[in-house]
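**Q** Any chance you can model this:
(2 chains)
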Protein chains: 2
Amino acid sequence: MKARVFVGATHATAIPADDRGFGYGDGLFETMRAHHGDVPWWDAHWSRLARGAARLRLALPDQVRVHLEARRLLDGGDGVLKLIVSRGSGGRGYAPVETSTPTWVLSCHPLPAASPPDGLMLRWCETRLAVQPALAGIKHCNRLEQVLARAEWQVLPAPESHADEGLMRSGEGDVVCATAANLFILAAGRWMTPRIDRCGVEGICRGWAMAALAAAESRLAVADIESADAVFLCNAARGILPVARLGERAWLPHPQVLALQRRLAAEHPAFTALPTELS
Amino acid sequence: MKARVFVGATHATAIPADDRGFGYGDGLFETMRAHHGDVPWWDAHWSRLARGAARLRLALPDQVRVHLEARRLLDGGDGVLKLIVSRGSGGRGYAPVETSTPTWVLSCHPLPAASPPDGLMLRWCETRLAVQPALAGIKHCNRLEQVLARAEWQVLPAPESHADEGLMRSGEGDVVCATAANLFILAAGRWMTPRIDRCGVEGICRGWAMAALAAAESRLAVADIESADAVFLCNAARGILPVARLGERAWLPHPQVLALQRRLAAEHPAFTALPTELS
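**A** Okay, here's the model as predicted:
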């Protein structure tokens, strides 16, 4: 992993020991698909970051500088680029400082493994997402729920450990998302995705897919997912991910999901290889 | 601030850029009152840390080594000692690694300012604590709710910004704690403190005070607090903190709270100065 740390405008050698990101998860992040040394969805990622920063009243570094350093780090290559921005050092205890200088870390990671050609195998997670409207939607760094949920099937013996992703419900029982992806279902000819006003993240690929499918936001129950005609997950690193199984329920590849993958490939150069593999 | 960073058994120069504490708040912390170079409540703090580590399936560093380094850092002095333990580096995305090496940071801070002699002035926070039984009780590093709550009165113009602490309710409306302290009330001759099974932290001073007062855990509503005969906050850094005001409601110093301060002073050497100031 290549990584570079900055404090404000200054390249730093390391994350400060009193950084609020380390102490409280007081920060935001973006996980972006890079292609040929740049990030095709850069503007959408930065917009979401700015919405999160406004919500947390957290200062962002200069966008032009971050973009420049991102391209430097990518050095013409492909991969997954992660940006973490914390509130930086300072403040007494939880009290934030209005004038704090953000710490930001750029890191470059290999492309994720290719998805199973027939689609993902999903499971239900026991760990719930707490209902917290003040933090819903933004991609903040308080992610212990996702860590616990992801660990549920990591510690199981095979074959129980064999799952590609897990679906998470809110504390109220609504289905919200996978641990690291948004969720879409097709029912009665209509595409739907869970609301993210009480928990969950406003994914960048989710936004793209909602527009492409004229999808509606809805409260969805477990039965809605299990009775759906088609299901896919999506995120900005991996694109559109058809779902093949969820427990006992199985789905064949759906033509509308394959068409959506082709459309994404036409609009986002990093995803051009995928539909050929799957069709 | 003096601070030292360690990765496993090794003294490190800085927090690694890919540390899961920085990325996800994937860690635990303890805030401890130090006295003459040691931590009188060390065992209780380490026990809570161990309970948190078991819940998160996170490896702790060697206790004897951490205690030794803590005493080295304190160098015979008084103050507040903070220990943060993160899961360290590694794992793909949210998936934790079972064999990860913890990163831990010890830092030493000045004693908190003396409390107002007549007692604290409190306010109600708008930010709620999300209900999350999987994380309730433990002192984990996902603390954005406390940061947002504490910021509520920091950004207000004086005199509205004048509050010493803020009380927080859960998403279900129960009163849980202050942003950085536990809460006790006296009603009908009985001491009570909110349950912390759905959110909130199992404070070390809370445990001490519950035993000292034979206090009961209870679900408490806003009206219970406002109609109480006495109210105090407590935490391990500041001890027993009498409450003088909450909005329009005022309380005179209560003899049972003053007696509890004297008892703490007799049992914990760092708090000996307080009751004299207040009596």
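**Q** what's across from residue A:201 in the sheet?
**A** Bridge pairing for residue A:201 (DSSP bridges) gives the partners residue A:137.
**Q** Near it, how many other residues are there?
**A** 24 (other Cβ atoms under 10 Å in any protein chain shown). (Glycine included, C-beta is placed from N, CA and C.)
**Q** thought it was touching residue A:138?
**A** Yes. The criterion here is Cβ atoms under 8 Å, and residue A:201 meets it with residue A:138 at 7.3 Å.
**Q** Isn't residue A:240 up against residue A:257?
**A** Yes. Using Cβ under 8 Å, residue A:240 is in contact with residue A:257, at 6.7 Å.
**Q** Now do the shared contacts for the two.
**A** residue A:232 (Cβ atoms under 8 Å, 6 or more residues apart in numbering or on different chains).
**Q** Which of these two has more residues huddled nearby?
**A** residue A:240 (28 against 23).
**Q** For the stretch 151-279 of chain A, which segments are assigned as helices?
**A** A:204-213, A:222-226, A:255-267, A:273-278 (DSSP state H, counting those that start in this stretch).
**Q** Quick check: which of the ones you listed is nearest to chain B?
**A** helix A:204-213 (15.3 Å; Cβ to the nearest Cβ).
**Q** buried stuff in that closest one?
**A** Neighbour-count burial for helix A:204-213, counted by 16 or more other Cβ atoms under 10 Å in any protein chain shown, picks out A:204, A:205, A:206, A:207, A:208, A:209, A:210, A:213.
**Q** what's the nearest residue to the fourth one if we skip its chain neighbours?
**A** Once flanking residues are discounted, residue A:207 sits nearest to residue A:44: 6.7 Å by Cβ to Cβ, 6 or more residues apart in numbering or on different chains.
**Q** For that neighbour, give me its contacts.
**A** By Cβ under 8 Å, 6+ apart, the neighbours of residue A:44 are A:204, A:207, A:208.
**Q** That one in helix, strand or coil?
**A** helix (DSSP: H, G, I helix; E, B strand; the rest coil).
**Q** Tell me how far it lies from chain B.
**A** Distance, residue A:44 to chain B, by Cβ to the nearest Cβ, to the nearest Å: 20 Å.
**Q** Now do that residue, the pLDDT please.
**A** On the pLDDT scale, residue A:44 is placed at 98.
**Q** Any stretches of chain A with poor pLDDT?
**A** Within chain A, the stretches with pLDDT under 70 are A:155-157, A:159-161, A:273-279.
**Q** Find the closest residue to chain B in it.
**A** residue A:25 (2.4 Å).
**Q** residues near the residue lying closest to residue A:198 once chain neighbours are set aside, how many?
**A** Once flanking residues are discounted, residue A:198 sits nearest to residue A:131: 4.7 Å by Cβ to Cβ, 6+ apart. Close neighbours of residue A:131, defined as other Cβ under 10 Å, add up to 20.
**Q** Regarding residue A:131, what is its secondary structure?
**A** Under three-state DSSP, residue A:131 comes out as coil.
**Q** residues from the stretch 101-250 of chain A in reach of chain B?
**A** Counting by Cβ under 8 Å from any Cβ of the partner chain, the stretch 101-250 of chain A comes close to chain B at A:105, A:107, A:127-128, A:130-132, A:134-135, A:140-151, A:154-155, A:171, A:179-180, A:199.
**Q** Just the buried residues from those residues, in ChimeraX please.
**A** Filtering those down to the buried ones (16+ other Cβ under 10 Å) takes a single ChimeraX command:
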select /A:105,107,127,128,130,131,132,134,135,140,141,142,143,144,145,146,147,148,149,150,151,171,179,180,199
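**Q** mind checking the SS state of the residue located most distally from the centre of chain A?
**A** Here chain A reaches farthest from its C-alpha mean at residue A:92, the gap being 31.4 Å by Cα atoms, centre = their mean. Following three-state DSSP, the label given to residue A:92 is coil.
**Q** quick revisit: nearest residue to the residue of chain A closest to chain B in space, please, no chain neighbours.
**A** In space, residue A:25 is closest to residue B:25, 2.4 Å off (Cβ to Cβ, 6+ apart).
**Q** That neighbour and residue B:153: what is the separation?
**A** 23 Å (Cβ to Cβ, to the nearest Å).
**Q** Run through the residues that contact residue A:69.
**A** Contact analysis of residue A:69 by Cβ under 8 Å, 6+ apart lists A:4, A:6, A:106.
**Q** Would you agree the last one is in contact with residue A:66?
**A** In this case it means residue A:106. Yes. With contact taken as Cβ under 8 Å, residue A:106 and residue A:66 are classed as touching, separated by 7.4 Å.
**Q** shared neighbours of the two, which are they?
**A** With Cβ under 8 Å, 6+ apart as the test, residue A:106 and residue A:66 both reach residue A:83.
**Q** quick one, strands of the stretch 151-279 of chain A?
**A** Secondary structure of the stretch 151-279 of chain A (DSSP state E, counting those that start in this stretch): strands located at A:165-169, A:175-178, A:182-187, A:190-194, A:216-218, A:230-235, A:239-246, A:249-250.
**Q** can you pull the contacts of residue A:171?
**A** Counting by Cβ under 8 Å, 6+ apart, residue A:171 has contacts A:128, A:129, A:130, A:131, A:199, B:130, B:131, B:132.
**Q** Count the neighbours of the residue nearest to the fifth one when sequence neighbours are not counted for me.
**A** What sits nearest to residue A:199 in space, not counting adjacent residues and going by Cβ to Cβ, 6+ apart, is residue A:129, at 4.0 Å. Residues within reach of residue A:129, counting by other Cβ under 10 Å, total 27.
**Q** repeat for residue A:133
**A** Residue A:133: 12 surrounding residues under other Cβ under 10 Å.
**Q** In terms of helices and strands, where is the nearest residue to residue A:245 once chain neighbours are set aside?
**A** Excluding its sequence neighbours, the residue lying closest to residue A:245 (Cβ to Cβ, 6+ apart) is residue A:121, at 4.6 Å. Assigned by DSSP states H and E, residue A:121 belongs to strand A:120-124.
**Q** quick one: buried residues of that strand?
**A** So strand A:120-124, judged by 16+ other Cβ under 10 Å, has buried residues A:120, A:121, A:122, A:123, A:124.
**Q** Would you confirm that the second one contacts residue A:162?
**A** What it means is residue A:121. Yes. If you go by Cβ under 8 Å, residue A:121 and residue A:162 touch, sitting 6.7 Å apart.
**Q** Between these two, which contacts overlap?
**A** Common neighbours of residue A:121 and residue A:162, counting by Cβ under 8 Å, 6+ apart, are absent.
**Q** Was I right to think residue A:116 contacts residue A:162?
**A** No. Using Cβ under 8 Å, residue A:116 makes no contact with residue A:162, being 10.6 Å away.
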